[in-house]
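Asker: pasting a predicted model and its sequence here:
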Amino acid sequence: MKRNRIIASIIFIVIIIGGMLSLGFGGPERIDIVGSTSVQPVAEKLAEEYGINHSDVKINVQGGGSSLGIKTAHEGIADIGMSSKELDDSNKQDLKEYEIGRDGIVLVVNANNNVSDLTKDQLKGIFSGKITSWKDVGGSDNKINVVVREAGSGTLDAFEGIVMGDAKIKSDAIVQSSTEAVKQSVKQDENAIGFVSFAHMSNDVNAIKVGGISPTIETIADGSYELQRPFLFLVKGEPTGELKEFIEWTNGAEAQKILESEKIIKLDE
């Protein structure tokens, strides 16, 4: 009798487990990636490619900005936080950084704008509001319309750190929430200037040289183009299991081809 009860219990457990599986329990392992909208497109490509041969893993990628990526990684809400800005000591805490590559910050103007080269001092003057007309930097006699990213953007933080120093960006600058939105603003306004990710550059806007140096893969890689920042994956503590396998995969040859196709510069170790 006792033996029958044990067998019945085992059968009951098997039925319960089977029901849980049918409801989705025990399905694909999930990896959540959250943060920088600049890193987001390449992270989506990496996740898509990884999933081809890893059907047991579901990777979800969401934007929200570098600050959100750092916060959600630190709080353990996201498995991976994406950041396109260097972490300061207060942000590092228990986060482990993985640099998947580097990206340039490109100053862009409308295709009809004849200004092609600006110094860092001129950029600082334009974005702080001290220089207000294109004629003051070799262009037409028209007011300069400044376009920037929103607070919390890694692109904005990097630009401020490299170009602005202690100066503040002018209060009436047009604020956009993504690289694509900045490009569209500049594309539609002959007097606009903004900054975007090198990885997302297209020929519908013109790239500005900075101090005579054009933003290219070569100049970003050798450091001669100064306006650049890292693309980071951030993990709380030491990654294990599928998370560790995915991060290790991002350093391999297969992932490297994706990074190259997305114009992400992988620096030599």
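Answerer: Yep, it's here. Residues are numbered from 1 along each chain as shown.
Asker: show me the shaky parts of this structure.
Answerer: 1-27, 267-269 (pLDDT under 70).
Asker: what ranges do the helices span in it?
Answerer: With DSSP state H as the criterion, the chain has helices at 2-22, 40-52, 66-74, 89-92, 120-128, 154-159, 179-188, 217-221, 241-249, 253-261.
Asker: could I get those as CSV with distance to residue 30?
Answerer: In short, each C-beta sits where N, CA and C put it, glycine included. CSV is the format used below for these (distance: least, CB to CB, whole Å):
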stretch, distance to residue 30
helix 2-22, 16
helix 40-52, 11
helix 66-74, 14
helix 89-92, 25
helix 120-128, 41
helix 154-159, 25
helix 179-188, 27
helix 217-221, 34
helix 241-249, 9
helix 253-261, 20
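Asker: so which of those is nearest residue 146?
Answerer: Distance to residue 146, taken as CB to CB, is lowest for helix 120-128 among these, at 5.7 Å.
Asker: tell me the buried residues in that closest one?
Answerer: 122, 123, 124, 125, 126, 127, 128 (16 or more other CB atoms under 10 Å).
Asker: distance to residue 37 for the residues you listed - can I get that in TSV?
Answerer: Output for the buried residues of helix 120-128, formatted as TSV (distance: CB to CB, whole Å):
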residue	distance to residue 37
122	27
123	22
124	25
125	28
126	24
127	20
128	25
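Asker: strands of the stretch 51-200 of the chain, start to end?
Answerer: Ranges of strands within the stretch 51-200 of the chain are 57-64, 80-83, 95-109, 117-118, 145-149, 174-176, 192-197, based on DSSP state E, counting those that start in this stretch.
Asker: ok, which of the helices of the chain comes nearest residue 208?
Answerer: Nearest to residue 208, of all the helices of the chain, is helix 120-128, at 8.4 Å by CB to CB.
Asker: need the CA coordinates for the closest one. PDB is fine.
Answerer: The C-alpha coordinates for helix 120-128 follow below in PDB (Å, rounded to 0.1, in the frame of the first residue of the first chain):
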ATOM      1  CA  LYS A 120      37.000  72.100 -30.700                       C
ATOM      2  CA  ASP A 121      36.900  75.700 -29.500                       C
ATOM      3  CA  GLN A 122      34.500  76.700 -32.300                       C
ATOM      4  CA  LEU A 123      32.300  73.700 -31.400                       C
ATOM      5  CA  LYS A 124      32.300  74.700 -27.700                       C
ATOM      6  CA  GLY A 125      31.400  78.300 -28.700                       C
ATOM      7  CA  ILE A 126      28.500  77.100 -31.000                       C
ATOM      8  CA  PHE A 127      27.000  74.700 -28.500                       C
ATOM      9  CA  SER A 128      27.400  77.100 -25.500                       C
END
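Asker: packing partners for that helix?
Answerer: Helix 120-128 sits against strand 145-149, with contacts defined as 3 or more CB pairs under 8 Å, 6 or more residues apart in numbering; DSSP states H and E.
Asker: now the strand it packs on against strand 95-109, angle please.
Answerer: 160 degrees (axes from the mean of the first three to the mean of the last three CA atoms, to 10 degrees).
Asker: show me what strand 145-149 is packed up against.
Answerer: helix 120-128, helix 154-159, strand 174-176, helix 179-188, strand 192-197.
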